[in-house]
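*Asks:* model this:
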Amino acid sequence: MARNYDSDDDGPLEDNTAVLALKNKKTERLKRKNAARQQKREAIVNLSKLPTELLLECLKHVCPRDVFNVSFVNRRLHELVEVNAHVIGDAIIARRYSILVECFPTPKLLSDVDPAVQALLTDPGRQTQLSIHNRPYQHIQSPDAHQVCTCLTCILTWNNLGLVLDFAHWQGHLDTGIPIPTIPRGQWPEWNRELVARHGRIARKAVENSLWHAAILALHLDSTVRAIRRHSRNTGNRRMHVEMTAAEAASGTDAFLAKPGPPSLEFPYQRDEYYMLEAYLPNRWWKKAGNYWFYTIAGQHERDLELVKRFTKR
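*Replies:* Numbering: from 1, shown residues only. From the prediction side, this is the model:
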């Protein structure tokens, strides 16, 4: 017997298929990683959207390396750091490196010197007489007499910047006891020319940009902390050392260098002297009567220019 079906009951089929919930260790790990990535992206976006004044205030409280890293995030932050490099650099130096900046000031640009004195400074005869201070060291690039002032003070301050950069470069060797490569007198291997030239470019940037100057001071603070640690472990070394606590070493500031310590009387003319170099802090003397460091660099540039003019008149 045939069955009759009512066509009115044959409505459209309804799809009740649901997405299966995936839950296992692998998917949970992926979710956590994706959430962490998203959180980082949102943090970067939020940082870049902060008002300029607030961003600048934040950058003044971090180390120079972090400021440069922030400038790589996007175009807006790069322009912000580039335009305000002096403001940021000056604030960081005042907050973190107020002692080191007295020991390692930047030389003056030749363009900042009186035009009449510029001709005296770049005179070939005078440049020949300066060879004792301006000779080509193996570890430091000589200043360009047509860009940087070559009064005696500026030559010495330029050399100190180059020394700081070179000393920082070899800290890994000094920490691990790996000998620093020795270069025979009169030879200039390619690797050393490139290294010295690179340090010269950085020092040149620091002359005009206080953020780069702050970066050099930060390097020397790190080098000094590491050198003090090395020498403090040498029980056979009975020289006077700089006192430094673990908290002071981790502070990221040079405040502990205000303590009494050995004076830096001689410039390290070669890399062999790095092994015994602990705290190279030139341009200051310890005043026992007042129990403080007296910094000697202030006004020296102006006095040197007066001497240049005086000797020329003879």
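*Asks:* how about the strands in the stretch 151-300 of the chain?
*Replies:* Applying DSSP state E, counting those that start in this stretch to the stretch 151-300 of the chain gives strands spanning 284-287, 292-295.
*Asks:* most centrally placed residue in the chain?
*Replies:* Centroid-nearest residue in the chain, with Cα atoms, centre = their mean: residue 215, separated by 2.0 Å.
*Asks:* That one and residue 64 touch, don't they?
*Replies:* Yes: Residue 215 is in contact with residue 64 according to Cβ atoms under 8 Å; the separation is 4.0 Å. Glycine gets a C-beta too; all of them are placed from N, C-alpha and C.
*Asks:* mind listing what's buried in stretch 249-257?
*Replies:* Buried positions in stretch 249-257, judged by neighbour count with 16 or more other Cβ atoms under 10 Å: 249, 253-254, 256-257.
*Asks:* and that stretch, average pLDDT?
*Replies:* Model confidence over stretch 249-257, given as mean pLDDT, is 95.
*Asks:* now do stretch 178-198
*Replies:* 94.
*Asks:* repeat for stretch 220-237
*Replies:* Regarding stretch 220-237, the rounded mean pLDDT is 89.
*Asks:* Check stretch 30-39 too.
*Replies:* What stretch 30-39 shows for mean pLDDT is 84.
*Asks:* Run the chain-centre distance for that stretch.
*Replies:* Offset of stretch 30-39 from its chain centre (Cα atoms, centre = their mean, to the nearest Å): 34 Å.
*Asks:* Return the member of the buried residues of stretch 249-257 nearest to residue 221.
*Replies:* residue 254 (5.5 Å; Cβ to Cβ).
*Asks:* so the closest one makes contact with residue 102?
*Replies:* No: applying Cβ under 8 Å, one finds residue 254 not in contact with residue 102, separated by 9.8 Å.
*Asks:* Averaging pLDDT per element, find the lowest-scoring helix or strand in this structure.
*Replies:* The helix or strand of the chain with the poorest confidence is helix 131-134; it has a mean of 58 (mean pLDDT, DSSP states H and E).
*Asks:* Fine by me, thanks again.
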